[in-house]
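Peer 1: What follows is a predicted protein model with its sequence.
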Amino acid sequence: MKFAYLLLIMALAVSMMAISAEDYYPLQVGNSWTTVDSSDWGMDTTVSTIVGTATHMGYESFIAVDYYEDEADTFYFQLRPDGLYGVSEEDEDFMMVIKYMPRTFSIGDDWIMFTKDTTWSEEGMDYSQFFQMTATAVGFDDQVVPAGSFSDCLHIMSEGVMDYYMMMGGDTLYSMSFTFGSSMWLGEDVGIVKGLDWDIEEGDTTWDYTYLIDYSVTNIFEGIEKPEISGIHTWPNPFNSTCRIATPAGAEVEIFDVTGRLVETLPASEKIVRSWTPSADVPGGVYLVRATVGEEKITSKVLLVK
């Protein structure tokens with residue numbers, strides 16, 4: 001009886017133990033994760049890499065890029081005072097700011113990841129949209145994935161709902177509603193090792209999963225400074241349609257061919273990440289990407305493959 005009581009006390013102690021977001025999302029320039037993902041389109045392989053740091057929306061941020069096939073998506077990780085956030089690269093009107101987890105928390109805690117409740121009118125129509133996601137720290141599980149066996153992975157479960165209405169004169173002309181959710185398991189000092197997503201629309205449930213197949217990370221919270229991005233990062237490289245270019249904020253970007261001919265200019269912008277899509281008459285080959293900030297010029301090479 002005493003032994004069972006001791007086990008109960010130990011279990012309660014573990015559930016109340018403070019968990020740090022920084023232990024489960026290792027953020028360092030150069031860290032990368034390769035995952036295999038299922039979807040309606042089949043199996044995809046994604047390489048996620050942290051390519052630089054910058055101040056974004058007033059917060060120190062790590063610039064992360066997901067590479068898949070010939071495309072790439074950019075977003076920002078932010079360790080804010082109250083938690084770890086992910087911020088999309090979309091325009092401000094469509095920006096998503098998601099709270100992945102509080103800065104510190106315990107098993108059993110829950111939090112709102114994202115919420116947006118908007119209404120607007122356009123051409124005599126009234127629209128409303130409600131979107132909310134909540135998450136819960138469930139516990140610790142062992143997971144085996146292609147990248148290896150991981151003990152005591154942190155299990156976080158989320159659920160969400162999206163309601164959309166289009167109305168005229170108080171009458172609903174169209175409505176749509178669906179629920180969705182996910183489970184993710186994170187290894188300490190590794191990041192996400194497994195993910196499971198589901199959604200229900202019109203009574204049908206679909207499932208997708210993500211498995212970690214390779215990773216390269218460094219323990220970063222050991223007094224390492226996080227400088228502003230000072231160079232040029234281009235990806236994918238080589239590329240055959242569009243490449244992304246990360247530069248210091250305020251940089252003008254010029255692209256030259258190997259003969260020194262100016263091919264294209266991207267005007268100075270406070271955006272850190274921009275895109276270059278060469279026109280159809282631009283031939284394949286090596287191009288020089290030059291960023292100018294004040295009197296400082298920095299150059300990188302990128303290969304266009306056609």
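Peer 2: Nice, thanks for sending it over.
Peer 1: And for whichever helix or strand L196 is part of, what's in contact with it?
Peer 2: Assessed by DSSP states H and E, L196 sits inside strand 191-201. Contacts to strand 191-201, defined as CB atoms under 8 Å, 6 or more residues apart in numbering, come from residues 24-26, 33, 35, 143, 145, 147, 150, 153, 178-187, 205-212, 215, 217. C-beta coordinates here come from the backbone N, C-alpha and C atoms, glycine included.
Peer 1: tell me the mean pLDDT for it?
Peer 2: On average, the pLDDT along strand 191-201 is 87.
Peer 1: G139: neighbour count?
Peer 2: G139 is flanked by 15 other residues according to other CB atoms under 10 Å.
Peer 1: And it, its phi and psi?
Peer 2: Main-chain dihedrals, G139, degrees, to the nearest 10: phi 170, psi -160.
Peer 1: what's the answer for G124, then?
Peer 2: phi 80, psi 0.
Peer 1: ditto for S106
Peer 2: Dihedral pair for S106: phi -130, psi 160, per degrees, to the nearest 10.
Peer 1: Verify the contact between it and G139 for me.
Peer 2: No. Assessed by CB atoms under 8 Å, S106 is found out of contact with G139, at 10.9 Å.
Peer 1: returning to what we had before: among the contacts of strand 191-201, which lie within strands?
Peer 2: 33, 35, 143, 145, 150, 153, 178-187, 205-212, 215 (DSSP state E).
Peer 1: quick revisit: which strands border the strand holding L196, and is each parallel or antiparallel?
Peer 2: The pairing partners recorded for strand 191-201 under DSSP bridges are strand 171-187 (antiparallel), strand 204-216 (antiparallel).
Peer 1: can you list contacts of the shortest one?
Peer 2: This points to strand 204-216. Contacts of strand 204-216 (CB under 8 Å, 6+ apart): 30-40, 45, 145-147, 190-199.
Peer 1: which intervals of the stretch 151-300 of the chain have sub-threshold pLDDT?
Peer 2: 201-203, 218-231, 235, 272 (pLDDT under 70).
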